[in-house]
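Asker: Just to be clear, the model below is a prediction. Sequence and coordinates:
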Amino acid sequence: MTAVAAAPRSVEPGAEPPAPERKTLSRWIPALGVMVAWIVIWFFTKGQDTLTLPGVARTDLHDRLTEFQNELLAGRSTNPVMQFTNSIADALRSAFEWLQRMVVLPNFPRPVPEVGWLGVTVLATYVGLAVANWRIALLVLGSFLSFGVFGYWQESLDLLIVTGIAVALVIIIGMPLAVLSGTSPRFNRVITVVLDLMQTMPTFVYLLPIVLFFGIGASAAVVSTLIYALPPLIRVAAFGIREVPDTTIEATDSSGQTYWQRLLKVQIPMARKTIIVGLNQTTLAALSMATLAAFVNGPGLGKPVLAGLRINDVGTAFVPGALIVVMAVMLDRTTTAASERSEKVARGGGGNLRVRRILLAAGAVGTVVAIYLSRTYVSLAEFPTYTLGDKLADGVNRFMDWVTDTFGGVTGGFKDVITVGLLNPMQSLLAQSPWWLAFVAIAALAFVFGGVRALVSTLVCLAGIRYFDLWHDAMVTLNMTLVATVLVMILALVFGVWMARDRRVDLGIRPLLDAGQTIPPFVYLIPVLALFGPSRFTAIVAGIVYAAPAAIKLVADGVKAVAPTTIEAGRSTGQTKWQEITKVQLPMAKGSLVLATNQGLLYVLSMTVIGGLVGAGALGYDVVYGFSRSEAWGKGAAAGLTIVLLGVMLDRITRAAADVRRDDGPGPRRAFNIRLPIGPPK
Amino acid sequence: MSTVRSRGARLGAVAAVATLVLSACGGGSIDDQTEANEDAAAGAGGECGDLNMAVNPWVGYEASAYVVGTVAQEQLGCKVNYKDLKEDVAWQGFGTGEVDVVIEDWGHPDLEKKFFEGEGDGTAMDFGPQGNVGIIGWFVPPWLAEENPDVLEWENLNKYAQEFATSESGGKGQFLGADPSYVQFDEAIVSNLDLDFKVVFSGSEAASIEAFRKAEENKEWVIGYWYEPQYFNAEVAMQRVALPPYEEGCQDDPQTVACDYPETELKKIVGTEWAESDSTAVGLVQNFTWTNEDQNLVAGYIAADGMSPEEAAAKWIEDNQDKVDGWLS
């Protein structure tokens, strides 16, 4: 027996280990076959049936969609649903204005708000101390002072208020849905589709209808924020509830508990940490809507960002944009620390209780005094004016001028290389193929990589894309998304591995990644334009700035998670550093790589509309066009839905592809629905 | 668990204390001002009331809006609310009273159909020209017009098509289309005049400006859709290319357009309900007119000199009180 079992192992040294390699290879061979067939047929048919639609042309379907919006508009004075939503909007607006009078705008007849800047700042700091620790309190203090010192006190607090109201509503609406989706698989399947739609539909598409239903200003800002920020909480919280071990539930069920007891005493408390991660993600998603809400007079830091864009002034847009990053980091670190603390306290830790109580009591007294003072003295109520923000803006402008002057020539060359070498040939294949050829080829590739499940989703999505009459634009956008994702993954591999192997690099790069994820794209549009001109490549760069941080973090965390013993074992056999990375770390982190690719694709795709603003054309332009001209709203909506379908298709293919690899284990796969937290290295 | 509960209690106590402090009365200088404000409010009779001024996203518009708004606020005592909105959203706001005035309209037949009396719901109305004349056309940067003057005639464009080619134009010359907010027929013009060009949409005004600025600095070949009044023309005096002249009706069918854009008289659009109210700002908006030079001056203060719109408007008003008096009479 032993002899037989040992026989196959006695391979000559240096021979290929066959089993795992074959498994991966076997999918690339048919894929290559599909590609060759595609290229051959493309060669004879290119340019036919490409369904190209000129930039400002529309089809009957688009006009029918526009008609839908027109009918809503025409019936707005009698539509009962709108009357209902308008009364909600009134409530939201008065809540917002009341809070504004409390902390930021003069509460007439008072010349100042009820609580001045000093009171607000100290109160916020105290909250930081109470929910987390003194380090967080210092962070909050510094953040609030920076809002004022850089000259955007009112806008910052406006944004905090909008975010606060939106997040409160997300919790009220989202938690019950999260519980349903966490406990009922059927409900989960249904809501996943809706959540996909909410997260991938470009905001510009639903901004006009929102104005119809909720008016302009704070109410529209809250509602559009709500739509975008709701999915992360539902997804992550449901995930947390689902992950409560069956054994725990069975054990407690055996004591005869009711549904509510199980939910409130077991499932939610055990999922608390995950739920707070969801809340964290929701808050960051809410902040990322700030600039878009400013298009419908949404209050907050988005307004000065757009004002800077209006006069093509990077510096002016940069300062409020950077403050959004400051706010995001503050909220992220605070919610994370609060969740860690609650965990610790629940386990009976949390430091010396008496010291903490004394500290908190002293803090409370200080806060009360600060509030009193800020109600008494004008100088403590109105934030003094500083010119620091203007100076910073000038500095940024000078720096950007230097960058564009110095690198202008090089960047143009780089753009041309990528465009001619990668972008144009791929676009030629995707968009110059007859639509039926691209349709069949994409479906075949989906089948090769993801099996039947991916094939079905892909067929449905492609049929939908064909239906919305923007096939050619969809292929151009798909191509840009793929090229950008390839570049994102190159960056993710280089920086991810580097960060995983050197903790100092990690600590140094993380804050930049956080900034890349949270700074509004409108801030860096102008420098990117100055470097690359209006082009598809410019859009790709914008997509990379947004998507690469997420992918880099995922790869870094995945590589870091590779067991040290495995690496040690490799080292003992004397492998080189390169071998260690390529033969051990990356293969072991394959699940994270697939996840990073998936997220990279979706993040890049979500920047499509921004691409439309910088000369990329295609679906992004269609969406902006629909938002800008009422007669084309339907085309914009069709483009928006096409983007959703592309997103769902790419997501399902990558997921199914990851599922096919059984060796990954369930870990990374389950995490697919979770958006990435920004934050320090784990 | 008890620690968690006690922390909740602590937060509750904080909130209670804060509320107490809030409801208590402060002392000192804020109180004095509060009383002064109360007295002032009792004395003043607001004749103007609120003025909701839409601010569409370009600097020239901002200049007009803030000049009218500042006059309304400083000289008529209105409470002016500036609302940053795209055109379509602004027009939707007339019916709900969220918007009273759109101060610079470049022509939106589709919106007029929806909101004007007659075909639409009658919530908006034309309030006459505001004096600026919109000039739309094909423009090239000044260095190009100087070195190759014949580029300013459309018949010569094909000769230079290769010079205009970029990574985006697929071997043809690139024509830079504009921000989608504007009415554009460039794709039709290119094809109907048999020009060897491809329209590449810049997608936003910011993108067009950056492209023109870069082209002038580095002597690059660019041709695109551009317009006047526009503050950027003071920095780079874009030169217009002559297309076959505009004739009445030559742009009626979007497919067959082969002529230049007409000059547009920019209009004021206001909410019908507001126009019928007795607000003193109605007369101001009705009388407001100024020239392209006026607007470019204020827009330049904002965009080139970095003034805030309020400062820019105040400066112009101070220098031109005679014109302002004309609007107020």
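Answerer: Received the coordinates, thanks.

Asker: Now that we're looking at residue 81, what pLDDT does it have?
Answerer: Using chain A here. With respect to pLDDT, residue A:81 scores 88.

Asker: meant chain B, my bad for not saying
Answerer: For residue B:81, the model assigns a pLDDT of 91.

Asker: what do you get for residue B:129?
Answerer: 93.

Asker: number of nearby residues for it?
Answerer: When neighbours are defined as other Cβ atoms under 10 Å in any protein chain shown, residue B:129 has 14 of them. Every residue, glycine included, has its C-beta placed from N, CA and C.

Asker: need the contact list for it.
Answerer: B:265-268, B:289 (Cβ atoms under 8 Å, 6 or more residues apart in numbering or on different chains).

Asker: Just put these in a markdown table and tack on pLDDT and secondary structure.
Answerer: Output for those, formatted as a markdown table (pLDDT from 0 to 100; DSSP: H, G, I helix; E, B strand; the rest coil):
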| residue | pLDDT | secondary structure |
| --- | --- | --- |
| B:265 | 91 | strand |
| B:266 | 92 | strand |
| B:267 | 93 | strand |
| B:268 | 94 | strand |
| B:289 | 93 | coil |
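
Asker: Which among these count as buried?
Answerer: B:266-268, B:289 (16 or more other Cβ atoms under 10 Å in any protein chain shown).

Asker: what's the farthest-apart pair in the residues you listed?
Answerer: Greatest spatial distance in those: B:267 and B:289, 10.9 Å, computed using Cβ to Cβ.

Asker: which residues do those two both contact?
Answerer: B:129-130.

Asker: Residue A:181 touches residue A:240, doesn't it?
Answerer: No. Contact criterion Cβ atoms under 8 Å: residue A:181 and residue A:240 do not qualify, at 11.1 Å.

Asker: which helices and strands sit right next to the helix or strand hosting residue A:452?
Answerer: Using DSSP states H and E, residue A:452 maps to helix A:435-467. Applying 3 or more Cβ pairs under 8 Å, 6 or more residues apart in numbering or on different chains; DSSP states H and E, we find helix A:435-467 packed against helix A:18-45, helix A:471-501, helix A:633-660.

Asker: number of nearby residues for residue 173?
Answerer: Because you didn't say which chain, this covers chain A. For residue A:173, the count of nearby residues is 14 (other Cβ under 10 Å).

Asker: you looked at the wrong chain, it should be chain B
Answerer: 21.

Asker: Quickly list what it is bridged to.
Answerer: In this entry, residue B:173 is beta-bridged to residue B:197, by DSSP bridges.

Asker: My read is that it contacts residue B:163, right?
Answerer: Yes. Shown here, residue B:173 and residue B:163 form a contact pair, counting by Cβ under 8 Å, at 7.3 Å.

Asker: can you give me the strands in chain A?
Answerer: Taking DSSP state E, chain A contains no strands at all.

Asker: Quick one: low-confidence residue ranges for it.
Answerer: Applying pLDDT under 70 to chain A picks out residues A:1-25, A:349-351, A:659-682.

Asker: and what of chain B?
Answerer: For chain B, the ranges with pLDDT under 70 are B:1-29, B:39-46.

Asker: What are the structural domain limits within it?
Answerer: For chain B, the structural domains run B:50-133+B:264-328, B:135-241, going by automatic domain parsing.

Asker: Excluding chain neighbours, give the residue nearest to residue B:314 in space.
Answerer: Once flanking residues are discounted, residue B:314 sits nearest to residue B:70: 5.9 Å by Cβ to Cβ, 6 or more residues apart in numbering or on different chains.

Asker: How about the contacts made by the one you found?
Answerer: B:80, B:310, B:313-314, B:317.

Asker: host element of it?
Answerer: Assigned by DSSP H and E, residue B:70 falls in helix B:59-76.

Asker: immediately after that helix, which helix or strand?
Answerer: Later in the chain than helix B:59-76, the nearest helix or strand by DSSP H and E is strand B:79-84.

Asker: Between helix B:59-76 and that following strand, find me the angle.
Answerer: 170 degrees (axes from the mean of the first three to the mean of the last three Cα atoms, to 10 degrees).

Asker: chain center to strand B:79-84: distance?
Answerer: Centroid separation between strand B:79-84 and its chain, computed with Cα atoms, centre = their mean, to the nearest Å, is 14 Å.

Asker: residues making contact with whichever helix or strand comes after that strand?
Answerer: Using DSSP H and E, the helix or strand that follows strand B:79-84 in sequence is helix B:87-96. For helix B:87-96, contacts defined as Cβ under 8 Å, 6+ apart pick out A:73, A:76-77, A:207-208, A:211-212, A:215-216, A:295-296, A:627-630, A:633, B:52, B:54, B:56, B:83, B:85, B:99-100, B:102, B:105, B:108, B:111, B:114-115, B:121, B:123-124, B:181, B:269-274.
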